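Asker: Sequence first, then the predicted structure, then my questions.
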Amino acid sequence: MTTPAEIPADLAAALADRYTLRSVLGRGGMATVYLADDRKHYRAVALKVLLPGLAAYLGAERFLKEIQIAARLTHPHILALHDSGEAGGFLYYVMPYIEGGSLRQQLEGPPRRALSEAQALAIAEPVADALTYAHRMGVLHRDIKPENILFLQGHPIVADFGIAKAVSTAGGANLTRTGFPIGTPGYMSPEQAAGLTDLDERTDVYGLAVVIYEMLVGDVPGRWPTEDAVRAGRFLEAPASHRTRLTSLGPVIESALVRGLAIRHDQRTATTAELMDELSRSAAPRRRYDQDEVQEIVKRATELEASKKTASGALTIGGVESLAGQIGVPAELVRQAADSMQPAYTAPGALPPNLVNHWVAGPTEFLFERVVAGELPEAEYTTIVEEIRRVMHNAGLVSQFGRSFSWTTVRGPGIRRELEVAVTVRRGQTRITVAESMGQTIGAVFGGIGGGMGGGGMGPIIGVGVGALHLAGLAVAVMVPAWIGVTYLTARTVYRRISGKRRRELEHLANRLAVLTQDLVDYPQRLKS
């Protein structure tokens, strides 16, 4: 019988009494895979032979002892281990030959392609089930990748289960120094790539998350997600081609993948079952929301996100998208709502028309704007935020939208202010806008005085009517005669004083921020001169 030239003659001879080697199916960093005939059982098998250098380092006894653990795994989505042994100095193990090909072949085509969400999850679910079973049995795979996911009559089967563990355990902590990697670059967890041996199921969570990412996006992630990315639930440094696809998938999928790929072991999704639970939420029917509802969702989501402790105290639109996505709001609507929440710009220090209400003897809204020549460095955003907090004595909520950010007051007991400071950097300028709605203050002044001075129910009505709804003068005039005149005049006097003080305070804040921003813009230039 003629042996193909690609098959070593000494290997073929060593196995001849039990297996006939037909061809090479593939080569990897630890082994070569051959298509072979099982002469005893008359069936085709896949026979893997460890590379000679690795086999010599491990030794037959240690390797075969460890591989027995993988042989005991019995699961419908785990490829069984038929046999293992040593022959002529070669270490090998035998598995069924699966003709359906691998996930790698499906992804690379031709043409290379990404799978739909439904297709990817249909493949990932059985793989996750197999991993969950093995983890309960105390076995990690350590080398989850598309090449090790095969298809038997269309059903995913995980191959090489426990082989990496057998090699790693038999080889000891110094194995990686021999030049034989345990795992596959791009699919190994950070802790596995670092050579750590005390691994748990989260190393397989990482590998599965990479495979799912590749199925959905068409490529593996370029970088490990940073801690900021994990907090935001968003791949902050994804290439443009990846970003387009990730955005189309929605924030539920993206957030789940970010957690599954977290660089820090303790921030990563704990189990493969949990990873699939998070991903499966995206399959639920999505309710659609109109723009008014989206505005309210963005507002509430921002407040929820701000309640979390973060290193910088700043928020990103990705965090809001992630929260909104949990109830099915598409990312594009969140961004449209965020854009519309930015205040309109007017001339510096000017008030937009119809903001002065003569019935309350003062403005219902303040708006001050300052424009600084030069672009505020992003590294100095926190300096501006801290100055706002110092001047206003309020921690506030901070949101960042691209190169713009805003600060708004945090409401609480005794705090009725609706103040927002927006900073926009673009086209060689930094625009600072200080805006405050006086609706809550008007409601407190007119409603409070009316109730306290015997105005009965009319005080609160006027407070709500003028403060919250900004009723036109005619509507207010209809209610005023029913109210005690002195109460109304007293409220006007109080509000005039409050609004005057507020105007001076906000104008001072706008001026102070403009001066500080100019200093921060000019500072790098002064260093160069």
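Answerer: Ah, there it is.
Asker: Find the residue at the geometric middle of the protein.
Answerer: The residue lying closest to the centre of the chain (Cα atoms, centre = their mean) is G233, at 1.9 Å.
Asker: if I look at that one, how far off is V252?
Answerer: Distance check for G233 against V252: by Cβ to Cβ, to the nearest Å, it reads 9 Å. All C-beta spots, glycine's among them, are computed from the backbone N, C-alpha and C.
Asker: same thing with I157?
Answerer: 28 Å.
Asker: OK, contacts around R112?
Answerer: G218 (Cβ atoms under 8 Å, 6 or more residues apart in numbering).
Asker: secondary structure class for it?
Answerer: coil (DSSP: H, G, I helix; E, B strand; the rest coil).
Asker: Got phi/psi on it?
Answerer: Main-chain dihedrals, R112, degrees, to the nearest 10: phi -70, psi 130.
Asker: so what's L513 closest to, chain neighbours aside?
Answerer: I432 (5.1 Å; Cβ to Cβ, 6 or more residues apart in numbering).
Asker: And the helix or strand in which that neighbour is found, how far out from the chain middle?
Answerer: Using DSSP states H and E, I432 falls within strand 429-437. Averaging C-alpha positions (Cα atoms, centre = their mean, to the nearest Å) puts strand 429-437 30 Å from its chain's average.
Asker: What are the buried residues along stretch 79-90?
Answerer: Of all the residues in stretch 79-90, those buried under the rule 16 or more other Cβ atoms under 10 Å are 79, 81-84, 86-87, 90.
Asker: swap in stretch 52-60?
Answerer: Those would be 54-55, 57-58, 60, for stretch 52-60 by 16+ other Cβ under 10 Å.
Asker: ok, back up a step: neighbouring strands of the strand holding I432 in the sheet, and parallel or not?
Answerer: strand 365-373 (antiparallel), strand 418-426 (antiparallel) (DSSP bridges).
Asker: Restricting the selection to alpha carbons, write the last one to PDB.
Answerer: The C-alpha atoms that make up strand 418-426 are tabulated as PDB, following Å, rounded to 0.1, in the frame of the first residue of the first chain:
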ATOM      1  CA  GLU A 418     -33.000  73.100  36.800                       C
ATOM      2  CA  LEU A 419     -29.500  74.300  35.700                       C
ATOM      3  CA  GLU A 420     -27.500  73.000  32.800                       C
ATOM      4  CA  VAL A 421     -24.000  73.900  31.600                       C
ATOM      5  CA  ALA A 422     -23.100  72.700  28.100                       C
ATOM      6  CA  VAL A 423     -19.600  72.900  26.600                       C
ATOM      7  CA  THR A 424     -19.200  72.200  22.900                       C
ATOM      8  CA  VAL A 425     -15.800  72.000  21.200                       C
ATOM      9  CA  ARG A 426     -15.700  72.200  17.400                       C
END
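Asker: Identify each buried residue in that strand, please.
Answerer: 418-425.
Asker: what does it rub up against?
Answerer: Contacting residues not belonging to strand 418-426 are listed as 342-343, 375-376, 378, 381, 384, 388, 392, 403-409, 430-440, 506, 509, 513, 517 [Cβ under 8 Å, 6+ apart].
Asker: Selection in ChimeraX covering whichever of the residues you listed are buried, please.
Answerer: A single ChimeraX command is used to select the members of these judged buried by 16+ other Cβ under 10 Å:
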select :343,376,381,384,388,392,404,405,406,407,408,409,430,431,432,433,434,435,436,437,438,439,440,506,509,513,517
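Asker: Mind checking which of the contacts of strand 418-426 land in strands?
Answerer: 404-408, 430-437 (DSSP state E).
Asker: Could you work out the most separated pair of those residues?
Answerer: T430 and S437 (23.8 Å; Cβ to Cβ).
Asker: now the buried residues of strand 418-426 in CSV, with distance to G109 and pLDDT?
Answerer: As requested, these are exported to CSV (distance: Cβ to Cβ, whole Å; pLDDT from 0 to 100):
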residue, distance to G109, pLDDT
E418, 56, 85
L419, 56, 91
E420, 51, 91
V421, 52, 94
A422, 48, 92
V423, 48, 93
T424, 45, 91
V425, 44, 91
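Asker: out of these, which one sits closest to L131?
Answerer: Closest approach between those and L131, by Cβ to Cβ: V425, at 46.2 Å.
Asker: Show me what the closest one is bridged to.
Answerer: T430.
Asker: Out of the buried residues of stretch 52-60, which is nearest to P111?
Answerer: The closest of those, once distances to P111 are taken by Cβ to Cβ, is L54, at 35.4 Å.
Asker: Isn't that closest one up against M30?
Answerer: Yes. Shown here, L54 and M30 form a contact pair, counting by Cβ atoms under 8 Å, at 5.9 Å.
Asker: Please go through the protein and pick out the longest helix.
Answerer: helix 485-528 (DSSP state H).
Asker: Give me the average confidence score over it.
Answerer: Per-residue pLDDT over helix 485-528 has a mean of 81.
Asker: how far off strand 429-437 does that helix point, in degrees?
Answerer: 160 degrees (axes from the mean of the first three to the mean of the last three Cα atoms, to 10 degrees).
Asker: Run the chain-centre distance for helix 485-528.
Answerer: 38 Å.
Asker: sorry, back to before: which one of the buried residues of strand 418-426 is nearest A44?
Answerer: Closest to A44, out of all of the buried residues of strand 418-426 and judged by Cβ to Cβ, is V425, at 64.8 Å.
Asker: distance of that closest one from D519?
Answerer: Applying Cβ to Cβ to V425 and D519 gives a distance of 15 Å.
Asker: same deal with A55?
Answerer: A55 is 68 Å from D519, by Cβ to Cβ.
Asker: do the same with P76
Answerer: Taking Cβ to Cβ, one finds P76 at 68 Å from D519.
Asker: domain parsing for the protein?
Answerer: Per the record, the chain has its domains at 9-96, 103-173+183-284, 343-529, by automatic domain parsing.
Asker: How about the contacts made by the closest residue to N511 other than its chain neighbours?
Answerer: With sequence-adjacent residues excluded and distances taken as Cβ to Cβ, 6+ apart, N511 is closest to R370, at 7.1 Å. By Cβ under 8 Å, 6+ apart, the contact list for R370 reads 348, 431-432, 510-511, 513-514.
Asker: burial count for the spatially closest residue to E380 that is not a sequence neighbour?
Answerer: Once flanking residues are discounted, E380 sits nearest to L520: 4.5 Å by Cβ to Cβ, 6+ apart. Neighbourhood size, L520 [other Cβ atoms under 10 Å]: 19.
Asker: Isn't L520 up against E375?
Answerer: No. Counting by Cβ under 8 Å, L520 stays clear of E375, with 10.2 Å between them.
Asker: L196 and R264, how far apart?
Answerer: 13 Å.
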